[in-house]
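In: Could you look at this predicted model? Sequence included:
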Amino acid sequence: MRGRPAALPTAGYQAPARVLLDEGRCTVRVISEDGRVSKDFDFTVMPVGRPLQVALAEAFDRRTGPSGTCKSVSSANGCYYGLRTFTEYLSTLPSPPSGPAELRPEHLEGFRAKYAGQRTLAQRVNGVKRTLRAVTGVSDAFTVALRGGGIVRDRSPKVPSYRPEEFRLIMAAARREARATAARIREHRQLLDQWRCGAIDSGKEPDRWQLGQALDHVETAGDVPRRLCRNGYRYLPHDLAKRWSVGDLIAMVHLTWCDAMPFVVLLAGLTGQNGSTIIDAPAAIHRPDGGAGGTPNAIVELVKPRRGHRSHMPVVLADLPDWLSTGEDDEGPEQPVSARDELHTPLGVFLLVRELTEPVRRITGTDRLLAVRGRKGFRTGRPPSPGTLGTAIAEWSHRAGLGSVSSPVAALPRGGEVSLPRLRMTVLEQRQQAIAHTDQVLVNEYLGRDRGNIGAYQQLVSRVLDEQVSRAKASALMPVLTEDEAELARGHPEAVAARHGMDSAVLKRMLAGELDTVLGACTDHRGGPHAPPGQPCRASFMRCLDCPCARATPRHLPVQTLVLDGLEAHRAETPPARWAQRFALPHAQLADLISRHPPAAVTCARETATSADRRLAERFLARELDHS
């Protein structure tokens, strides 16, 4: 199968200049890989001679250009900052170099010595060396120094994970704030809809009519109506300023940068993705479920530029709650969670954010999910400064009371501020699986550097396992027909049927295999506890293990053993906490059910399982048999 040819520029096309050296300038224009963001970096402010400024600018351009490794404006910021600190060090020397040919290995050693002892020494020096390797016209000795081994990063623990109770506290606070924000915006958008439909009488409700008129302007233009004053500035009209501030009016219909932070925290805690990846997520999603029922899910294409050819990552967002982030008293009975803005699932949070940010996307024409209103205009996607998001999250944590000295929860998050890297570390520790990185990075960079909460995590898994096993023991398992009863039923079906609470006709159909599900047979699929009376049961076949309508016969034993083996295999490849929550109960129930058979019968069933039995077990464990 052949695709279409790649698009090529027209004849005579010349790429726009990125290094601007005319009229005394020495500026490099960096354009992000997706073309949405650009920034000019001025090299004339660097305190070195013009030849060295130009050489550094050209090297910076090679590193940030189409073939470079710095793919985003934020990473270019870090690269530029490193060069600027290097030139500032050079300017303090008795004889600073004026051109690239005068750079010496001693300059690198002195720069390294200046920042020795700082935690960011490796990133600072190694980053500068990577850029300097692209400088032309340097001496051979300096080239050799640049090619030498870099500084080994300090791998000691620096970002501890949150304890389970801390993690749940942060997520609960984010949910409360996000729910309040969504309720406020929806309430005022409803008022706006009423105003636009003429449902608000200006004579009977002048205040609501005036507010609706103002919100119509805010929602359409993204700003409040303003009057021009004599000083040339535009201010909010007096009649509106008496009741509301500019920020209040904007926040009534638009998601603001500050109010977006709880949603970022929720997405980080539910997906384990980096904050920069979340903040730059697109609003477009693909719905493979097609709205046909079953568990809603969507696929969003996230981008992590520093992963190179693996930077584009299709990520599944499922409408499944994250039990690890939810406490028993998380929301309280007075705070129901609607199906539309389910804040316990990645898909629910994503769809809610997309709903709240739709007007800003329409105004700005962006395709980013986080299209919000900031203090100085609109913000869409990744901020140009890498520290902007972290600062905003820390400020939100203080507003939410998580970092307040007077707050009863101040002592829980260590340091008193919410940190996205720590949230990511916590999720990785809980799930024990790589998220947007390799397994090697997971072990070396994350799990291997933070063992502080592994004991609490293991206790959590142990507690969940104990709870599920106790639940399995307390539940009424599927009744089993023995070999002797199956043989007796051929001659005396009425007696065996009465013993198992069914009529003889149902017993005969069951023994003939007409009522088989997967792990047993169903004697009444319209009278079970998992569907309204008279309606066919659509529950997972795994629920047959404790269903009063289910019965097992020796013929079901081969598939039962295969499913048990499959659950054991899942245990080896699934994070312990997730396996305990999803599979511990059916595993314990199935093991108890199989233990009712003689060991020899179990061994024989496992050895004589047919290819059809294996295929059935595989499809069942892959959830291909679930009702959709």
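Out: Great, that's in hand. Residues are numbered from 1 along each chain as shown.
In: Geometric centre of the chain: which residue is closest?
Out: Thr271 (2.7 Å; Cα atoms, centre = their mean).
In: What's the per-residue pLDDT of that one here?
Out: pLDDT recorded at Thr271 is 90.
In: and if you look at Ile279?
Out: With respect to pLDDT, Ile279 has a value of 88.
In: number of nearby residues for it?
Out: By other Cβ atoms under 10 Å, 25 other residues sit near Ile279. The C-beta positions use only the backbone N, C-alpha and C, and glycine is treated the same way.
In: picking that back up, from Phe350, how far off is the residue nearest to the centre of the chain?
Out: From Thr271 over to Phe350 the distance is 9 Å, taken as Cβ to Cβ, to the nearest Å.
In: cool, Ser67 as well?
Out: Distance, Ser67 to Phe350, by Cβ to Cβ: 34 Å.
In: Among these two, which residue is more densely surrounded?
Out: Neighbour totals were compared for Ser67 and Phe350, and Phe350 leads with 24 against 7 (other Cβ under 10 Å).
In: ok, that one - contacts?
Out: Applying Cβ atoms under 8 Å, 6 or more residues apart in numbering to Phe350 gives the contacts Leu267, Ala281, Ile285, Ala298, Val300, Leu317, Leu369.
In: now with 7 Å?
Out: Leu267, Leu317 (Cβ atoms under 7 Å, 6 or more residues apart in numbering).
In: helix or strand for it, which one?
Out: Using DSSP states H and E, Phe350 maps to helix 346-356.
In: which parts of whatever helix or strand comes next after that helix are buried?
Out: Going down the chain from helix 346-356, the next helix or strand is helix 358-364, by DSSP H and E. Judged by neighbour count using 16 or more other Cβ atoms under 10 Å, the buried positions of helix 358-364 are Pro359, Val360, Arg361, Ile363.
In: Looks like Leu52 contacts His107 (just checking).
Out: No. In terms of Cβ atoms under 7 Å, Leu52 does not count as a neighbour of His107; the distance is 11.1 Å.
In: about what we covered before: adding pLDDT and distance to Asp201, write the buried residues of helix 358-364 out as CSV.
Out: Output for the buried residues of helix 358-364, formatted as CSV (pLDDT from 0 to 100; distance: Cβ to Cβ, whole Å):
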residue, pLDDT, distance to Asp201
Pro359, 93, 26
Val360, 92, 30
Arg361, 93, 33
Ile363, 91, 29
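In: from these, which is closest to Ile185?
Out: Pro359 (9.6 Å; Cβ to Cβ).
In: Name the nearest residue to the closest one, sequence neighbours excluded.
Out: Glu219 (5.5 Å; Cβ to Cβ, 6 or more residues apart in numbering).
In: Identify each buried residue in stretch 202-210, please.
Out: For stretch 202-210, by 16+ other Cβ under 10 Å, it's Arg208, Trp209, Gln210.
In: And the residues you listed, which is closest to Thr44?
Out: Of all the buried residues of stretch 202-210, Thr44 sits closest to Gln210, with 51.8 Å by Cβ to Cβ.
In: gap between that closest one and Arg186?
Out: Counting by Cβ to Cβ, the gap from Gln210 to Arg186 is 20 Å.
In: so where is the stretch 351-500 of the chain shaky, pLDDT-wise?
Out: 382-387, 403-416, 432, 438-476 (pLDDT under 70).
In: Tell me who's in contact with Ser611.
Out: Contacts for Ser611 (Cβ under 7 Å, 6+ apart) come out as none.
In: Just the pLDDT at it, thanks.
Out: On pLDDT, Ser611 comes in at 91.
In: circling back to that earlier point, surely the residue nearest to the centre of the chain and Thr345 touch.
Out: No. With contact defined as Cβ under 7 Å, Thr271 does not reach Thr345; the gap is 10.4 Å.
In: okay, and the common contacts of the two?
Out: With Cβ under 7 Å, 6+ apart as the test, Thr271 and Thr345 reach no residue in common.
In: ok, which stretches of the chain are strands?
Out: Secondary structure of the chain by DSSP state E: the strands cover 19-20, 27-31, 38-42, 227-228, 234-235, 297-303, 312-318, 371-374, 377-380, 521-522, 550-551.
In: Please produce CSV containing the ones you listed, extended by mean neighbour count.
Out: What follows is these, written out as CSV (neighbours: other Cβ atoms under 10 Å):
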stretch, mean neighbour count
strand 19-20, 16
strand 27-31, 20
strand 38-42, 15
strand 227-228, 10
strand 234-235, 13
strand 297-303, 17
strand 312-318, 15
strand 371-374, 23
strand 377-380, 18
strand 521-522, 23
strand 550-551, 24
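In: In the protein, which helix is the longest?
Out: Counting by DSSP state H, the longest helix found in the chain is helix 164-196.
In: Burial check on the residue nearest to Leu52 when sequence neighbours are not counted, number of neighbours?
Out: Leaving aside its sequence neighbours, Leu52 sits nearest to Gly99 (Cβ to Cβ, 6+ apart; 5.4 Å). Gly99 has 16 neighbours, counted by other Cβ under 10 Å.
In: Would you state the predicted confidence (pLDDT) at the nearest residue to the residue nearest to the centre of the chain once chain neighbours are set aside?
Out: Leaving aside its sequence neighbours, Thr271 sits nearest to Pro346 (Cβ to Cβ, 6+ apart; 5.3 Å). For Pro346, the pLDDT comes out at 90.
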